[in-house]
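Engineer: Provided below are the primary sequence and the corresponding predicted coordinates.
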Amino acid sequence: MSIFEATWPEANRPEVLRVAILGATGSIGTQALDVCRKHSNRLQVVALSAHSSVEKLCALAHEFKVKHLALSNEDYRSAAAIAQLDAGVQLGFGNQAVAELAALEEVDLVLVSVVGAAGILPSYTALINNKILALANKEALVCAGDLLMPLVKPGKLIPVDSEHSAIFQCMMGTHPQYVSRIWLTCSGGPFYGKTVDELYEVTSAQALKHPNWHMGPKITIDSATLMNKGLEVLEAHHLFNVTIDDIQVLIQRQSRIHSMIETTDGSVMAQLGPSDMRGPIQLAFSYPERWEAPTDPVNFFELGSLDFAPADDKTFKCLALAREAGRIGKTMPCALNAANEVANLAFRQGSLSFLQIAHVVEKVMELTTVQELQSLTQLVEVDKRARALTKQCIDEVI
Ligand code: NDP
Ligand code: MG
């Protein structure tokens, strides 16, 4: 018997976990469904949502025999694919319908893998309905962490973002009071090592080619600007109650170390594994159990070396801006996030250059009046105002 067995808490979880996957048609959603296929004896998919990929959603509903569906984009109410749905399937429309899936009686765990601030409402709904929240969507904590974290009960929020899953795993067995620092690793993205001059001309097609991860378009661009890492600093700050300045961003080009914690006595714990999101997704479903790996393990003989470097937040200014928004707190991170969502899309659509993303976000932060954070309704207004401001700023710079 291991010396730990006697003290290990019992896994109090149902034999078959009933899951809702919100954002089922995206990169995380698709990989989550892969995990559900692999472990169909332990996971039952009971609710699914998408934004506008109606055909894909209907096909998934048929495959997994899901009765509860939602499409956040209301324009698809009369899409032809809907007529093909099996009898008894309920399909709701709009953001509220997506959030309602998170409250369903027959749901045990809600994976929030929608993109952007749209993740706030379903995350909130999952928490107040006492579901396990498997959270991939980082924007929810960035914008509303101060409102969401007080609602979290023990074991009810499991991070899916790979770095935060890594920190979560490193912290098992260490009391949070002894964690002095978090080393948040970062691949550096496709433009690692480039100078400002070299970044003037980069295109969205180049930015969409991430060296180590295949992800949705918004996060891929955020990874190129390092806004993704900035958002992750704020996410870690809320999840683990560590100050913004005790979270160090560390370039780890191979994306093998997914993050590390440092304890007050100078010890460092790292979590390593394949660069495949099915790992952290599966852990969020299986926790505190560990199931058969969804991927090939790392071969350390082939890996060779691990490299480390500081992140360049002078060139990749979005990282510094996100940290600054985190230090200011209150409603500022929500404004930063909204500005980034709009600027990120404008870059993908070719109406803003790569370097202008940071410029526009900075401008919106300067023009934002910070308020005490009080409610989700207030955040809807802050988000709306920041988006409008960002569009104005974009019109001015182009
Ligand atoms: P994708 O763009 O691939 O997928 C997004 C999903 O959300 C799709 O199902 C999409 O539906 C749906 N969606 C899009 N817009 C809305 C909206 N306004 N309201 C509700 N649902 C919407 O994104 P990813 O899977 O890459 O990322 C999802 C979240 O997970 C993000 O917050 C990201 O930061 C986080 N994350 C992603 C990682 C990754 O490896 N991809 C890693 C770590 C975190 P439709 O298909 O119909 O458009
Ligand atoms: Mg991440």
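Structural biologist: Yep, that arrived. Ligands and ions are numbered 1, 2, ... in the order given.
Engineer: any idea which residue of the stretch 101-250 of the chain lies closest to ligand 2?
Structural biologist: residue 161 (4.3 Å; CB to the ion). Every C-beta, even on glycine, is put in place using the N, C-alpha and C of the backbone.
Engineer: for that residue, what are its contacts?
Structural biologist: Residues in contact with residue 161 (CB atoms under 8 Å, 6 or more residues apart in numbering) are 135, 136, 138, 232, 235, 280.
Engineer: okay, and which of those map to strands?
Structural biologist: residue 135 (DSSP state E).
Engineer: quick one: the contacts of residue 161 as TSV, columns for neighbour count, distance to ligand 1 and pLDDT too.
Structural biologist: Shown next, in TSV, are the contacts of residue 161 (neighbours: other CB atoms under 10 Å; distance: CB to the nearest ligand atom, whole Å; pLDDT from 0 to 100):
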residue	neighbour count	distance to ligand 1	pLDDT
135	27	9	98
136	31	4	98
138	28	5	98
232	28	9	98
235	26	9	98
280	27	8	98
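Engineer: just the pLDDT for the residue of the stretch 1-150 of the chain at minimum distance from ligand 1.
Structural biologist: Going by CB to the nearest ligand atom, ligand 1 is nearest to residue 26 of the stretch 1-150 of the chain, at 1.9 Å. The model reports residue 26 with a pLDDT of 98.
Engineer: ramachandran coordinates for it?
Structural biologist: Phi and psi for residue 26, reported as degrees, to the nearest 10, are phi -90, psi -170.
Engineer: apart from its neighbours in sequence, what residue is nearest it?
Structural biologist: residue 216 (5.2 Å; CB to CB, 6 or more residues apart in numbering).
Engineer: surely that neighbour touches residue 29?
Structural biologist: No - here residue 216 does not reach residue 29: they are 9.4 Å apart, not a contact under CB atoms under 8 Å.
Engineer: looking at these two, which is more packed in?
Structural biologist: The neighbour comparison of residue 216 against residue 29 (other CB atoms under 10 Å) goes to residue 29, with 26 against 16.
Engineer: the strand or helix carrying the more buried one vs ligand 2: in contact?
Structural biologist: Here residue 29 sits within helix 27-38, counting by DSSP states H and E. No - counting by CB under 5 Å from the ion, ligand 2 has no neighbours in helix 27-38; the shortest distance is 10.6 Å.
Engineer: this structure against ligand 1: which residues are in contact?
Structural biologist: 23-29, 50-53, 72, 98, 113-116, 118-119, 136-139, 161, 213, 215-216, 218-219, 277 (CB under 6 Å from any ligand atom).
Engineer: what about stretch 322-337, how long is it end to end?
Structural biologist: Stretch 322-337 has an end-to-end distance of 9 Å (CA to CA, to the nearest Å).
Engineer: run through who's touching it.
Structural biologist: For stretch 322-337, contacts defined as CB under 8 Å, 6+ apart pick out 116-117, 139, 142-146, 227, 229-231, 233-234, 237, 244-245, 313, 321, 361, 364-365, 368, 370-373, 378-379, 382-383, 385-386.
Engineer: over to stretch 88-103?
Structural biologist: 20, 22, 47-49, 61, 66-74, 76-77, 82, 85, 107, 110, 112, 114, 118, 121-126, 129, 131.
Engineer: from those, which ones fall inside helices?
Structural biologist: Of the contacts of stretch 88-103, the ones assigned to helices by DSSP state H are 61, 121, 122, 123, 124, 125, 126.
Engineer: count the residues that sit near the last one.
Structural biologist: If I follow you right, that is residue 126. Neighbour tally, residue 126, other CB under 10 Å: 29.
Engineer: thought it was touching residue 133?
Structural biologist: Yes - using CB under 8 Å as the test, residue 126 is close enough to residue 133 to be in contact (4.3 Å).
Engineer: overlap in contacts, those two.
Structural biologist: Shared contacts of residue 126 and residue 133, counting by CB under 8 Å, 6+ apart, come down to 110, 112.
Engineer: what stretches of the stretch 1-150 of the chain score poorly on pLDDT?
Structural biologist: Low-confidence segments of the stretch 1-150 of the chain, defined by pLDDT under 70: 9.
Engineer: this protein: strands as residue ranges?
Structural biologist: Using DSSP E, strands in the chain cover 17-22, 43-50, 68-71, 90-93, 109-112, 132-135, 157-159, 179-186, 247-251, 257-263, 268-272, 309-310.
Engineer: any idea which of those strands is most buried?
Structural biologist: strand 109-112 (a mean of 28; mean count of other CB atoms under 10 Å).
Engineer: how far out from the middle of the chain is that one?
Structural biologist: Centroid separation between strand 109-112 and its chain, computed with CA atoms, centre = their mean, to the nearest Å, is 12 Å.
Engineer: adjacent strands (with direction) for it?
Structural biologist: Here strand 109-112 is paired, per DSSP bridges, with strand 17-22 (parallel), strand 132-135 (parallel).
Engineer: among these, which comes closest to residue 391?
Structural biologist: strand 17-22 (27.1 Å; CB to CB).
Engineer: ends of stretch 32-43, what's the gap?
Structural biologist: For stretch 32-43, the end-to-end distance is 11 Å (CA to CA).
Engineer: swap in stretch 362-379?
Structural biologist: First-to-last distance for stretch 362-379 - CA to CA - comes to 19 Å.
Engineer: taking the mean pLDDT, what do you get for it?
Structural biologist: 98.
Engineer: repeat for stretch 326-346
Structural biologist: pLDDT averaged over stretch 326-346 gives 98.
Engineer: do I have it right that residue 389 meets residue 369?
Structural biologist: No - judged on CB under 8 Å, residue 389 makes no contact with residue 369 at a distance of 10.8 Å.
Engineer: tell me, how many residues neighbour residue 392?
Structural biologist: Neighbours around residue 392, by other CB under 10 Å: 13.
Engineer: identify the residues contacting it.
Structural biologist: No contacts exist for residue 392 under CB under 8 Å, 6+ apart.
Engineer: then residue 295?
Structural biologist: 274, 276, 278, 279.
Engineer: picking up where we left off before, what does the residue of the stretch 101-250 of the chain closest to ligand 2 show for phi and psi?
Structural biologist: phi -50, psi 130.
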